[in-house]
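Participant: Here you go, sequence then predicted model.
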Amino acid sequence: MVSFADLPYGLQRRLVELAPAKTLVDFELTGHLPLKLSRRLRKPVEKVEFLYTTDTKLLTQNDVVRVCAMLNLRINYPEKHQDTLDLIRGSYTMLQLDGSYPWQLLLGLIRPNVQSVRTNDRMLLPEEEVDTFVKELYTMMTRQNISVYVSGTWMVQLLPRLKIMAREFMYQRRRDGLKVPYIQVNLKSGTISSILIER
């Protein structure tokens, strides 16, 4: 195995020039030399406080964006949700999704600093995948405080079921001796929120 530093400069330079933007961001984290070369040879990753955009624009530009405060994303191509995920980085705390999108995209965009999430009624969530979605969402809530505001008939109809699942989830984690968040499902306001309880 040859390390990047042992490669001839011409090959190092060519690898950095040809690397896709989403790969380059991860590559920069591997060491000082890759970071230095990428900063010198490529356009730096754009940092923005608030990003209001569409997945179409992100996919067309194919540049990684670091969002610092709020991400408001309209989805036009739900089938390309993995590509969209790869282009978004940052420590944003608020997330709003519009358009038609798979539930995997929603969970993928809930990064460690996200505290507030707003969804619409066009989230693609088949009946047979509801349990998987809810379990993954509740598991995320064991690591961070999140408030998810849901809208639309389908999601609002699911809230009573989610409330029962929240009780079962908290009971099971308590029984297993694991970290237990307090998960509250508010039927009036249409929110699912968590508060981490220190043990």
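Facilitator: Perfect, I can see it now.

Participant: What score does the spatially closest residue to residue 109 that is not a sequence neighbour have for pLDDT?
Facilitator: Among residues not flanking residue 109 along the chain, residue 95 sits closest, at 5.6 Å (Cβ to Cβ, 6 or more residues apart in numbering). No exception for glycine: its C-beta is placed from N, CA and C like everyone else's. pLDDT, residue 95: 94.

Participant: what about residue 95, which helix or strand?
Facilitator: Applying DSSP states H and E as the criterion places residue 95 in strand 94-99.

Participant: Contacts for that strand, please.
Facilitator: Applying Cβ atoms under 8 Å, 6 or more residues apart in numbering, the contact partners of strand 94-99 are 54-55, 69-76, 78, 105-106, 109-110, 114-120, 122-123.

Participant: Domain-wise, how is this structure divided?
Facilitator: As assigned by automatic domain parsing, the chain contains the domains 1-44, 45-97+108-117, 125-199.

Participant: out of those domains, deepest packed?
Facilitator: domain 45-97+108-117 (a mean of 17; mean count of other Cβ atoms under 10 Å).

Participant: Run the chain-centre distance for that one.
Facilitator: 8 Å (Cα atoms, centre = their mean, to the nearest Å).

Participant: mean confidence score for the longest strand anywhere in the chain?
Facilitator: The residue-count maximum for a strand in the chain (DSSP state E) belongs to strand 65-75. For strand 65-75, mean pLDDT is 89.

Participant: after it, next one along is what?
Facilitator: Proceeding N to C from strand 65-75, the next assigned helix or strand is helix 81-87, under DSSP H and E.

Participant: May I have that following helix as PDB, with CA atoms only?
Facilitator: This file holds the C-alpha atoms of helix 81-87, laid out as PDB (Å, rounded to 0.1, in the frame of the first residue of the first chain):
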ATOM      1  CA  HIS A  81     -31.400  11.500  -2.400                       C
ATOM      2  CA  GLN A  82     -28.000   9.900  -1.800                       C
ATOM      3  CA  ASP A  83     -26.300  12.300  -4.100                       C
ATOM      4  CA  THR A  84     -28.000  15.200  -2.400                       C
ATOM      5  CA  LEU A  85     -26.900  13.900   1.000                       C
ATOM      6  CA  ASP A  86     -23.300  13.700  -0.200                       C
ATOM      7  CA  LEU A  87     -23.200  17.400  -1.100                       C
END
